[in-house]
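1. A structural model of the following input is requested.
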Amino acid sequence: MQRQKCSSVCGNNRGRWMVANVLNWRGDDIKGGGTSPLICSTGGWGGGSINHEFAHKMLANDGDSYRRKATFLTSDEFFYDEKLCGWKSDATCTTRADKEFDENRGITNTYGSFSRSDVMEVKMMMHPNDANLSVGDNCNNTNLCIARLGEAYLIYAEACLSSQPDEAKKYINKIQQRAGSATVSATVDLEVLQNEKQYELWFEGCRWFDIVRWGIAKQCYDKVLDNVPYQTDEYWTSGGSRPHKLVYDIRHPYAEANITLKFVEGKNEYWPLPQNIIEINDQIHQVRGWAN
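-> Numbering: from 1, shown residues only. Take a look at the predicted model:
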C-alpha cells in the first residue's frame, strides 16, 4: 500500500499543528534563532528535552549507533558535525578551529537553559523537510507513527522472559542489532529489557505505563524531581575566550521556592475519581491511595 502524508489522509493541508512549537529547541536560547542550526525548522519551546542521566546511560550502551544519533546529539556533534547538525555559519567557518570560536552559533543563555544538559535531543524535533510551509514552519506534514515493530518485539520478549529466555534474547538482540548498538546482550533479564525498551522507545508514549506496571515509578521519579539541569555554552559564558561546549549544573528551583515535590507510592501512579461523581453513585469507590 502506498504511504500517504497525514494531510492527504485527513483531507486538509494542516497536518499536525504546532509540533515545532512544542518540541523544537528553544529558539530564544540559540544564536541566530531556531533556524540557525540547519536541522531545525523553526525555534520552539524546548519541550522535548532529554534527561541527562538517561542520555549518558544510552551513550555508554549504544556508543555511536545510528539509534543514539537519531535520539540525541553530543556537544561535539551539535556544534561541529555538519552532517548531523550543520549551522548557517558553516559556509564561512570551514575548519574545526573556525567553528570553535564562531560568534554565530551556540547557546547564548548564560543564566542557563532550563531542563537541558550537555546533549541535544533530536528524535521528535521537526526538520525543515517535515514542515508544511503552505500553513507554517511549525506544522508537521509527515506521517505520524502509531505503532512500531520494535515495540511489538519488546512486548513479546518480555512475555518470554520467564519461560523462554532464549526466545526473549533473540528478539532483544534483533532490536540491538538493527539499532547498531555497541551492546548486544549475551544474556537477558528484566533489567536488560527495561533498559532496551527505554533506549528504543524514548519519548514514544509508553514509558509511564511501563514504570507503573513494573512497580518502579517512585524510583524513577525520585531521581528527577527537583533535580533540574541548566545548560550553558562555555563560549558564551566565557565571553568568547573558550570554545563552544555544552555544560550544565543541577539546580533545585522548587526547594529554593520552599515547595516540596514528593511522589507517593501507591497514590501518584493514578488519577483520583472526581468527588462529585462518587457522590452521585455510592457504589463507586475512590481510587487506591486517594481514599483519605
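2. quick one: neighbours of Asn24, just the number.
-> 29 (other CB atoms under 10 Å). For the C-beta atoms, the positions are set from N, CA and C on the backbone; glycine is no exception.
3. next, it: phi, psi?
-> phi -80, psi 160 (degrees, to the nearest 10).
4. thought it was touching His127?
-> No: taking contacts as CB atoms under 8 Å, Asn24 lies outside contact range of His127: 9.6 Å.
5. contacts only, for Asn21.
-> The contact partners of Asn21, taken as CB atoms under 8 Å, 6 or more residues apart in numbering, are 44-45, 138.
6. need the longest helix for the chain.
-> What stands out as the longest helix in the chain, according to DSSP state H, is helix 165-179.
7. what residue ranges in this protein score low on pLDDT?
-> For the chain, the stretches flagged by pLDDT under 70 are 1-15, 133.
8. what ranges do the strands span in it?
-> Counting by DSSP state E, the chain has strands at residues 72-74, 113-114, 119-121, 131-132, 136-140, 228-233, 246-251.
9. ok, which of the ones you listed comes nearest Glu279?
-> strand 228-233 (39.1 Å; CB to CB).
10. tell me the angle of that closest one relative to strand 246-251?
-> Counting by axes from the mean of the first three to the mean of the last three CA atoms, to 10 degrees, strand 228-233 lies at 150 degrees to strand 246-251.
11. which strands or helices does strand 228-233 pack on?
-> When contacts are defined as 3 or more CB pairs under 8 Å, 6 or more residues apart in numbering; DSSP states H and E, strand 228-233 packs onto strand 113-114, strand 246-251.
12. for the shortest one, name the packing helices and strands.
-> If I follow you right, that is strand 113-114. Strand 113-114 packs on strand 228-233, going by 3+ CB pairs under 8 Å, 6+ apart.
13. so what strands line up beside the strand it packs on?
-> The pairing partners recorded for strand 228-233 under DSSP bridges are strand 113-114 (antiparallel), strand 246-251 (antiparallel).
14. now the spatially most central residue of the chain, what are its backbone angles?
-> In the chain, the residue lying closest to the centroid (CA atoms, centre = their mean) is Ile50, at 4.1 Å. With angles defined as degrees, to the nearest 10, Ile50 sits at phi -100, psi 140.
15. now do the shared contacts for Asn24 and His127.
-> What both Asn24 and His127 touch, as defined by CB under 8 Å, 6+ apart, is the set 40-41.
16. tell me the buried residues in stretch 129-142?
-> 130-132, 137-142 (16 or more other CB atoms under 10 Å).
17. would you put the C-alpha positions of it in CSV?
-> Presented in CSV, the C-alpha positions along stretch 129-142 are these (Å, rounded to 0.1, in the frame of the first residue of the first chain):
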residue,chain,number,x,y,z
ASN,A,129,11.8,18.9,5.3
ASP,A,130,8.9,17.9,7.7
ALA,A,131,7.2,21.3,7.5
ASN,A,132,4.1,22.3,5.6
LEU,A,133,5.2,25.7,4.5
SER,A,134,1.8,26.5,3.0
VAL,A,135,0.5,26.6,6.5
GLY,A,136,3.6,27.5,8.6
ASP,A,137,7.0,26.3,9.6
ASN,A,138,5.6,24.9,12.8
CYS,A,139,3.2,22.4,11.2
ASN,A,140,4.4,18.9,10.6
ASN,A,141,3.2,17.4,7.4
THR,A,142,4.8,13.9,7.6
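18. for it, the distance to its chain's centre please.
-> Counting by CA atoms, centre = their mean, to the nearest Å, stretch 129-142 is centred 21 Å from the centre of its parent chain.
19. ok, now stretch 141-150?
-> So, by CA atoms, centre = their mean, the centroid of stretch 141-150 is 16 Å from its chain's centroid.
20. end to end on it, go ahead and measure it.
-> By CA to CA, to the nearest Å, the extent of stretch 141-150 from end to end equals 24 Å.
21. show me which residues of it are buried.
-> 141-142, 150.
22. name the nearest of the buried residues of stretch 129-142 relative to Ile277.
-> Looking across these and measuring by CB to CB, the closest to Ile277 is Asn140, at 36.6 Å.
23. give me the nearest residue to Asp29, chain neighbours excluded.
-> Leaving aside its chain neighbours, Asp29 sits nearest to Asn109 (4.2 Å; criterion: CB to CB, 6 or more residues apart in numbering).
24. same check, this time on Ile277
-> Nearest one to Ile277, counting by CB to CB, 6+ apart, is Ile284 at 6.4 Å.
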